[in-house]
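Peer 1: Test case, fold it:
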Amino acid sequence: MLDTIEVRERRSGGSRTFRDTLVVSERVNWRLEDLVGETKRMDFGLRFMPESLARVENLPFLSADEKRVLNQIRGHAYLRIFGLVEEFILPFVLDHVRPCLDKDDYRVRAFLQFAAEEAKHIQLFKIFGENFREGFGSECGVIGPPSAIAEKVLSHKPLAVALLILHIEWMTQRHYLDSVKDDNELDPQFKSLLKHHWLEEAQHAKLDGLMVEAIADGMTDEEIASAVDEYLEIGGFLDEGMKGQTALDLEAFELKTGRKLSDAEKTVFMQVQHQANRWTYIGTGMTHPKFLEMLEYLNPAERERIEAVSETFC
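Peer 2: The predicted structure follows:
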């Protein structure tokens, strides 16, 4: 359980916490020019995504080359979807910090740095999409448009959205540290993008936690339960999106390889890859120990509820 005294200390020493986070953020900050450019190209002879997320080996009717192609398609969707979700994170963070402009300079600077980095990530992943298209040689669809998804997500209660953002930030940490960091068979350029994204998102997770605590402060158990209901509603909406993304990935696979899967193979493809997407984007965040600790702090009953629901997405 998240230590209540520790949380109170973080609140009472908020300015120090924001200052420390800002210092680290400025230290790990990077420029777009350092990561992308003519000399930094992806090697399409290599895998992009760790198998624990891609789960292409669970499709025995694909050849080794076809599994690599599908792995790269999943990698393309992965970074483009991150760009998509950051398009609703950015305005939410700005809305959160706006009322604090005259209260705590370090808090304001930390959240504005957060927002600037999210804007930079959106631009990075757009550039990645262009470079991927050039190297891959065919189109790969991505769910959207981002504005429609952002509008849907942001229509929910602030605590529900803040919980989703915290979920996403811890999800990012888990992907890199558990699956990407020590996988030396991934394309170095793609891995570099994941590493540098993780470096900045690690600081965002700290700020997200403080944001959740600030929004939930003073709320009743019933109000928190209602927000968790809406967090789950957003999860259901995203799960439908993952089903749509799986269909787009299948379309991109057939276009690139020229192979038309049989109806039976398509059924297996959709089942295996939809579950892989569920785990990647929903299960890994929903079951992250730090995310569950935050839920326990809000209300232990909400942690128990999410742990029961999360089995569907693993």
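Peer 1: From now on I want contacts and neighbour counts done on CA atoms only, so please keep to that.
Peer 2: Will do.
Peer 1: Check the offset of the longest helix along the chain from the chain's centre.
Peer 2: When the chain is parsed with DSSP state H, its longest helix is helix 221-257. Computed by Cα atoms, centre = their mean, to the nearest Å, the separation of helix 221-257 from the middle of its chain amounts to 12 Å.
Peer 1: what do you get for stretch 105-117?
Peer 2: 20 Å.
Peer 1: likewise stretch 202-220?
Peer 2: 17 Å.
Peer 1: residue ranges of the strands in the stretch 51-200 of the chain, please?
Peer 2: Assigned by DSSP state E, counting those that start in this stretch, the strands in the stretch 51-200 of the chain number zero.
Peer 1: Show me the helices in it, by range?
Peer 2: With DSSP state H, counting those that start in this stretch as the criterion, the stretch 51-200 of the chain has helices at 51-54, 64-97, 105-136, 146-154, 158-174, 188-216.
Peer 1: what comes up buried for the longest one?
Peer 2: Taking 16 or more other Cα atoms under 10 Å as the neighbour-count basis, helix 64-97 is seen to contain the buried residues 66-90, 92-94, 96-97.
Peer 1: Show me which residues of the longest helix of the chain are buried.
Peer 2: Along helix 221-257, these residues count as buried under the neighbour rule (16+ other Cα under 10 Å): 224-225, 227-232, 234-235, 238-239, 241-250, 252-253, 256.
Peer 1: What of stretch 181-191?
Peer 2: Leu186, Asp187, Pro188, Gln189, Phe190, Lys191.
Peer 1: With stretch 261-280 instead?
Peer 2: For stretch 261-280, the neighbour count (16+ other Cα under 10 Å) marks Val268, Phe269, Met270, Val272, Gln273, His274, Gln275, Ala276, Asn277, Arg278, Trp279, Thr280 as buried.
Peer 1: So for Gly285, which of the helices of the stretch 51-200 of the chain sits nearest?
Peer 2: Among the helices of the stretch 51-200 of the chain, the nearest to Gly285 by Cα to Cα is helix 158-174 (4.2 Å).
Peer 1: by contact count, what packs against that closest one?
Peer 2: Helices and strands touching helix 158-174, by 3 or more Cα pairs under 8 Å, 6 or more residues apart in numbering; DSSP states H and E, are helix 188-216, helix 221-257, helix 284-286, helix 289-298.
Peer 1: which residues touch that helix?
Peer 2: Contact with helix 158-174 is made by 89, 153-154, 198, 201-202, 204-205, 208-209, 211-212, 215-216, 224, 227-231, 281, 284-286, 288, 290-291, as judged by Cα atoms under 8 Å, 6 or more residues apart in numbering.
Peer 1: With stretch 38-51 instead?
Peer 2: Contacts with stretch 38-51, where a contact means Cα under 8 Å, 6+ apart, come from 57, 68, 71-72, 74-75, 131-132, 135-136, 179-180, 183, 185-191.
Peer 1: Stretch 63-73 too?
Peer 2: Residues outside stretch 63-73 that contact it (Cα under 8 Å, 6+ apart) are 44-49, 54, 56-57, 140, 249, 252-253, 256-257.
Peer 1: Tell me which two of those sit farthest apart.
Peer 2: Spanning the widest gap among the contacts of stretch 63-73 are Glu57 and Cys140, at 20.5 Å by Cα to Cα.
Peer 1: Who has more neighbours out of these two?
Peer 2: Neighbour totals were compared for Glu57 and Cys140, and Cys140 leads with 21 against 16 (other Cα atoms under 10 Å).
Peer 1: and stretch 279-286, what's its mean pLDDT?
Peer 2: Per-region confidence: stretch 279-286 scores 98 on mean pLDDT.
Peer 1: And that stretch, end to end?
Peer 2: This stretch, stretch 279-286, spans 9 Å end to end (Cα to Cα, to the nearest Å).
Peer 1: can you list the residues that contact that stretch?
Peer 2: Contacts of stretch 279-286 (Cα under 8 Å, 6+ apart): 53, 167-171, 174-175, 235, 239, 291-292, 306-307, 310-311, 313-314.
Peer 1: go with 7 Å
Peer 2: Leu53, His167, Ile168, Trp170, Met171, Ser310, Phe313, Cys314 (Cα atoms under 7 Å, 6 or more residues apart in numbering).
Peer 1: ok, now how distant is the last one from Pro50?
Peer 2: Summarising the geometry, the distance separating Cys314 from Pro50, computed by Cα to Cα, is 16 Å.
Peer 1: Then the fourth one?
Peer 2: Trp170 sits 17 Å away from Pro50, taking Cα to Cα as the criterion.
Peer 1: again with Lys243
Peer 2: Lys243 is 20 Å from Pro50, where distance means Cα to Cα.
Peer 1: nearest residue to Asp183 other than its sequence neighbours?
Peer 2: Among residues not flanking Asp183 along the chain, Pro50 sits closest, at 7.0 Å (Cα to Cα, 6 or more residues apart in numbering).
Peer 1: now Phe88
Peer 2: Excluding the flanking residues, the one nearest Phe88 by Cα to Cα, 6+ apart is Ala150, at 4.7 Å.
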